[in-house]
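[1] Sequence below, structure please.
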Amino acid sequence: MVIMNKRPLQLVWFKRDLRIRDHLPLWKAAQNEIPTLLVYFFEPDRILSPDWDIRHERFIYQSIQSINQEISLSGHKIWVFQDSLIDFLENLTFIFEIKSIYSYQETGLTNTYTRDKKVRKYLKIHSIPWNEFQNNGVIRGIKTRNNWNQSWEEFMRVPIPAFQIKSLQTPYQEIDFYEFAKPYIPAEGLDILNPRFQPGGETMAWKYLTSFLDERVKNYSRNISKPELSRLSCSRLSPYISWGNLSIRQVFQYSLFKKGERADRNIQNFLSRLRWHCHFIQKLETESKIETENLNSAFNSLRNEWDDSKYRAWKEARTGYPLIDACMQAVKETGYLNFRMRSLLVSFLTHHLWLDWRPGAWFLARQFLDYEPGIHFSQFQMQSGTTGINTIRIYNPVKQSQDHDPEGLFIKKWIPSLQHVPASLIHEPWKMSPFEQELFKCRMGLDYPFPIVDLTITGRYARESLWAVKKSKTAQQENEGILNRLTHRKSEEESDRP
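    Down below sits the predicted model:
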């Protein structure tokens, strides 16, 4: 049945942009005097993806709650569905004439890319315009990185347009839009704050941003690599940026404002990392195979045997290397780990355990509250040594522990069985004598495991194997194309700064 004189409606489709400020789709939709519906979809296929975790769902749900609370008096809210956009539109178009859909571009994995292709095809068939906007300086469709830095800087300095939600025309108040698709029903307890995880939402994002730039930034450069002190001295903005509670442009401009004319090294270092954030997402935007394939295929000959017992020991914090196990326990329980310690976990998995990076990448994607596909998979390959263009770095977990947690405070916090072991022994507890094990209440092999590998042997083997491939003619030839597509060619190899 065709209904004549359908009522007009336009949609703003939220994805990884859960905010109302510096939100170009909202601002553009407000230029039209058309009733506007705000929508978010917990898509069934996405929830079943191997990188999805309830911690991500909780953060998204909290973010939407925060927005809806703020705009409740405007007549607007984000309608949340456990369905797909296409299924929703199939029902909606019986009654409404969809004038346009507004959203940001999303740099995601194969599943979101496939979804977007289906959406584009559907909208084209039904003559519905889809207005997509560039997100955070990541440019769609580029073939090289020529002038990318300049374009990014220009994008970040564009003034943020003023926007008030009341400028957006409200949808039809008498209509329950949950009649057109399955409403999202949060799991029991999802709305209860977990004190070990950062809470989602634009309001909380600004609290973290202001507290960082007003106070915590003073120790940023000093403590950035330290597993415990970084939890306070780093910005902790990554989940808010990843899920779009803040845009990179907001953070960039506010940081410049707080920096003023000061030669503040800490803020300047932080600003450089905002660019690196987008730089790595741009890699996935340009080269989608980073998700599942070695960037340089010459490395396909390595790590072809699987040892599930080693992998389980790594996942379950039972490697016998205190800093590795503490890092794993911390990220599982809080969703956060600083960049150096993330690199350490990946290095240990792929170099010392000599295991393929892909299962570990999916596992840690589920642990990181700030999981951002472009950064996650690009960094995983870089730390695994499979890009071919980056310096191979094989971290020694004992040295990293001694350098960045010398007193063992982080280790003791997350590995209770080591809490009585003194700093002189905590980095290598297997060296304790039987008497010391009894004295410090940590019996090796019972209370805490012996190391599952010998770092001297594994480090040497990984180094020789990786460098042999990296120096090969096949790898060198492939590197040329990779450098042309994914870097700005300042040098043959890129920095691995976060």
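
[2] Where does pLDDT dip in this protein?
    Filtered on pLDDT under 70, the chain yields the residue ranges 1-4, 488-498.

[3] change it to 80
    1-4, 191, 261-263, 488-498 (pLDDT under 80).

[4] what's the single longest helix in it?
    helix 265-286 (DSSP state H).

[5] Run a quick neighbour tally on residue 145.
    For residue 145, the neighbour count with other CB atoms under 10 Å is 20. Placement of C-beta: from N, CA and C, glycine included.

[6] Where does the record place the domain boundaries for the protein?
    Using automatic domain parsing, the domain parsing of the chain gives 7-179, 202-286, 290-486.

[7] do you know which of the ones you listed lies nearest residue 194?
    Closest of these to residue 194 is domain 7-179, at 7.3 Å (criterion: CB to CB).

[8] can you pull out the strands in this structure?
    7-14, 36-41, 78-81, 96-104, 130-133 (DSSP state E).

[9] May I see these arranged in JSON lines, with distance to residue 344 and mean neighbour count as well?
    Shown next, in JSON lines, are the strands of the chain (distance: least, CB to CB, whole Å; neighbours: other CB atoms under 10 Å):
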{"stretch": "strand 7-14", "distance to residue 344": "35", "mean neighbour count": "22"}
{"stretch": "strand 36-41", "distance to residue 344": "35", "mean neighbour count": "22"}
{"stretch": "strand 78-81", "distance to residue 344": "37", "mean neighbour count": "21"}
{"stretch": "strand 96-104", "distance to residue 344": "33", "mean neighbour count": "20"}
{"stretch": "strand 130-133", "distance to residue 344": "37", "mean neighbour count": "15"}
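
[10] any chance of those in TSV, with distance to residue 373 too?
    Converted to TSV, the strands of the chain look like this (distance: least, CB to CB, whole Å):
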stretch	distance to residue 373
strand 7-14	17
strand 36-41	18
strand 78-81	22
strand 96-104	15
strand 130-133	18
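
[11] And those strands: which comes nearest residue 218?
    Comparing those under CB to CB, the one sitting nearest is strand 96-104, at 33.6 Å.

[12] measure residue 474 to residue 87 for me?
    Residue 474 is 46 Å from residue 87, where distance means CB to CB, to the nearest Å.

[13] Next: residue 165.
    For residue 165 relative to residue 87 (CB to CB), the value is 27 Å.

[14] And for residue 136?
    29 Å.

[15] who's more crowded, these two?
    residue 136 (25 against 16).

[16] ok, that one - contacts?
    Listed by CB atoms under 8 Å, 6 or more residues apart in numbering, the contact set of residue 136 reads 241, 247, 248, 249, 277, 278, 281.

[17] contacting residues around residue 375?
    Residue 375 is in contact with 277, 280, 281, counting by CB under 8 Å, 6+ apart.

[18] 10 Å instead?
    Residues counted as contacts of residue 375 (CB atoms under 10 Å, 6 or more residues apart in numbering) are 107, 238, 241-242, 276-281, 283-284, 339, 368, 498.

[19] which of those count as buried?
    107, 238, 241-242, 276-281, 283-284, 339, 368, 498 (16 or more other CB atoms under 10 Å).

[20] can you name the two of those residues that are farthest apart?
    107 and 339 (19.8 Å).

[21] ok, residue 406 - how many residues close by?
    Neighbour number of residue 406 under other CB under 10 Å is 12.

[22] thinking residue 106 is in contact with residue 132, fair?
    Yes: counting by CB atoms under 10 Å, residue 106 does reach residue 132; the two are 8.8 Å apart.
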